[in-house]
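Novice: fold the following and give me the result.
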Amino acid sequence: MTGKLTRGRAGDVQPLGEPVARQTAREGPNGADRPEDCLPRVLCAAGLNPGLKFGSLEEQLLLLARAFRQQGSTFVPLFDSPLRGRTLAAYESEGLASEWLDLHTYRLGTLRRLLRVIDEHAIQIVHWSFYHPLNAYVWSLTVARPFLTHYLTDHNSRPASLSSRRRRAPRALKGVLLKRYHRIVCVSEFVADSLRREGLAEQLTTCAHFVNTERFGPDAAVREQVRGELRADSEFVLLLVAHLIPEKGGEVLLRALPELPPRIQAWIVGDGPDADRLRGLAEELGLSKQVRFLGNQDEVQRYMQAADCLICPSLWQEAAGLVNIEALACGLPVVASRIGGIPEIVEHGRTGFLFESGRSDQLAAALRNLLDEPELREEMGRAARAVALERYSAERRIPEYLDLYRSMDPEQHHVQ
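Specialist: Residues are numbered from 1 along each chain as shown. Okay, the predicted model is just below:
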């Protein structure tokens, strides 16, 4: 395979102030001119642990790396830990380079290794994803490699409400910090609108998530197998997939269940600091036989293919909610909070239902509609799949991402 998958070890590096010589982005391997719209060489610093799962975000980076290679350029994912399991197998099978460095803590030795990665791959854009805008590595690179262009993706969910006093000071500071980035990529119009209110309109671009609609798709055989394993042959299955923190609204789902018929099962995929409290609440509400806590799962699509609908009961303003897109691709109606970027994904009455955040009674009412009207449920499932293919497939979205990188000022393609 190409590239090394175990970066971050000690080794010789270029001095901080002396980048290695490289070709310009307009030159081919032999110095020949390349088209003006060529793709720059990108390092995507993604604060993700690919050893935990091969999720849609990890797969997005793989698919972008493949697309860059097909276009004659380079896109290198930089994870915060080594590849393992399915993620490692996927990258190896494609022969794609990746790197890893833990950039969550600032260390001079890590900076030196980051500079080595940038120089070895002749990087022109560093795209930061899942890192705070106040990133010491960005400021260090401004000095050590001033020719680099920096992008930032804002995936951040927002609190449901903030006092005006708390909002004003951070907004002014954040506005100053974000000016360092040539482009701020927003995963929803909700995020873009939030940043426009901070005076950052000129830097903003909205690029929605995409998923592998072949991996995330209806599968009758998997449905039968998983429902058999979990003894849910005839039950109506609700699925919650989340990192279990209070903001994800697991309690809202549990409090809706007593208002519904007992033949409903709830599968909760995920783990987190709120897990024990939710287990205790389920027992307190007499739901132990209806609720299955399944923990973290490597192949979450199997549970989507086996469920009857997805629940996304968020209490905070989700930036987008990638899990909703995955569920649509699997042909699942989605019942979700009307908050943040979720209404951009879930169309009320067509691909699912929206309810007011925190209202377990409204959630119960929406679920009762799906339970009582199987034809409506099937119609919504078909519409969900169609919307996913039309709006959120890799084929639909990858060209937009490539254009995002091509939009860099041609003068900034030049590498010293």
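
Novice: what's the single longest helix in the chain?
Specialist: Counting by DSSP state H, the longest helix found in the chain is helix 374-391.

Novice: other SSEs contacting the helix or strand hosting L367?
Specialist: In this assignment (DSSP states H and E), L367 forms part of helix 360-372. Packed against helix 360-372 by the contact rule (3 or more C-beta pairs under 8 Å, 6 or more residues apart in numbering; DSSP states H and E) you find strand 236-241, helix 250-256, strand 309-312, strand 334-337, strand 352-355, helix 374-391. (Each C-beta comes from the backbone N, C-alpha and C, glycine too.)

Novice: the domain parsing of the protein - what is it?
Specialist: As assigned by automatic domain parsing, the chain contains the domains 42-210+395-413, 220-392.

Novice: out of these, which is the most enclosed?
Specialist: Ranked by mean neighbour count, the domains of the chain are led by domain 220-392 with a mean of 19 (mean count of other C-beta atoms under 10 Å).

Novice: rewinding a little: what's the average pLDDT for the helix or strand following the longest helix of the chain?
Specialist: Next helix or strand after helix 374-391 toward the C-terminus (DSSP H and E): helix 394-406. Average pLDDT, helix 394-406: 94.

Novice: do stretch 180-198 as well
Specialist: 90.

Novice: I118 - that's part of a helix, no?
Specialist: Yes - using DSSP: H, G, I helix; E, B strand; the rest coil, the assignment for I118 is a helix.

Novice: so which residue is dead centre in the protein?
Specialist: For the chain, the residue nearest the mean C-alpha position is L57 (4.5 Å; C-alpha atoms, centre = their mean).

Novice: what sits against it?
Specialist: By C-beta atoms under 8 Å, 6 or more residues apart in numbering, L57 lies in contact with 46, 48, 209, 322.

Novice: where does the second one fall, phi/psi-wise?
Specialist: According to degrees, to the nearest 10, the main-chain angles of L48 amount to phi -120, psi 150.

Novice: distance check, it against L402.
Specialist: Shown here: L48 relative to L402, a distance of 21 Å by C-beta to C-beta, to the nearest Å.

Novice: got it, and the first one?
Specialist: Counting by C-beta to C-beta, the separation of A46 from L402 is 18 Å.

Novice: cool, and the third one?
Specialist: Computed as C-beta to C-beta, the H209 to L402 distance reads 16 Å.

Novice: what ranges do the strands span in the stretch 51-200 of the chain?
Specialist: With DSSP state E, counting those that start in this stretch as the criterion, the stretch 51-200 of the chain has strands at 75-79, 99-100, 125-129, 149-154, 183-186.

Novice: got the CA coordinates for the fourth one in CSV?
Specialist: Listed next in CSV are the C-alpha coordinates belonging to strand 149-154 (Å, rounded to 0.1, in the frame of the first residue of the first chain):
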residue,chain,number,x,y,z
THR,A,149,-3.8,27.9,3.6
HIS,A,150,-6.1,26.9,6.5
TYR,A,151,-9.7,25.7,6.3
LEU,A,152,-11.9,24.9,9.2
THR,A,153,-15.1,22.8,9.3
ASP,A,154,-17.6,23.8,12.0
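
Novice: direction included, what does it pair up with?
Specialist: strand 125-129 (parallel), strand 183-186 (parallel) (DSSP bridges).

Novice: please apply the same query to the shortest one.
Specialist: The partner list of strand 99-100 in its sheet, established with DSSP bridges, is strand 75-79 (parallel).

Novice: so where is the stretch 251-400 of the chain shaky, pLDDT-wise?
Specialist: Across the stretch 251-400 of the chain, nothing is flagged by pLDDT under 70.

Novice: which residues touch A65?
Specialist: Listed by C-beta under 8 Å, 6+ apart, the contact partners of A65 are 75-77, 94, 96-98.

Novice: same question for V222.
Specialist: V222 sits next to 302, 305-306 when contact means C-beta under 8 Å, 6+ apart.

Novice: what's the answer for S140, then?
Specialist: So, once contact is read as C-beta under 8 Å, 6+ apart, S140 ends up touching L111.

Novice: how near is it to L111?
Specialist: 5 Å.

Novice: then H127?
Specialist: Separation of H127 from L111 (C-beta to C-beta): 18 Å.

Novice: next: E224.
Specialist: In terms of C-beta to C-beta, E224 sits 52 Å off from L111.

Novice: and T105, by the same measure?
Specialist: T105 sits 11 Å away from L111, going by C-beta to C-beta.

Novice: then I311?
Specialist: Taking C-beta to C-beta as the measure, I311 falls 43 Å from L111.

Novice: just I118 next, same as before
Specialist: On the measure of C-beta to C-beta, I118 and L111 end up 10 Å apart.

Novice: can you check R368 too?
Specialist: Distance check for R368 against L111: by C-beta to C-beta, it reads 56 Å.

Novice: repeat for L204
Specialist: From L204 across to L111, the span is 29 Å (C-beta to C-beta).

Novice: now do Q70
Specialist: According to C-beta to C-beta, Q70 and L111 sit 32 Å apart.

Novice: with V138 instead?
Specialist: From V138 to L111 the distance is 11 Å (C-beta to C-beta).
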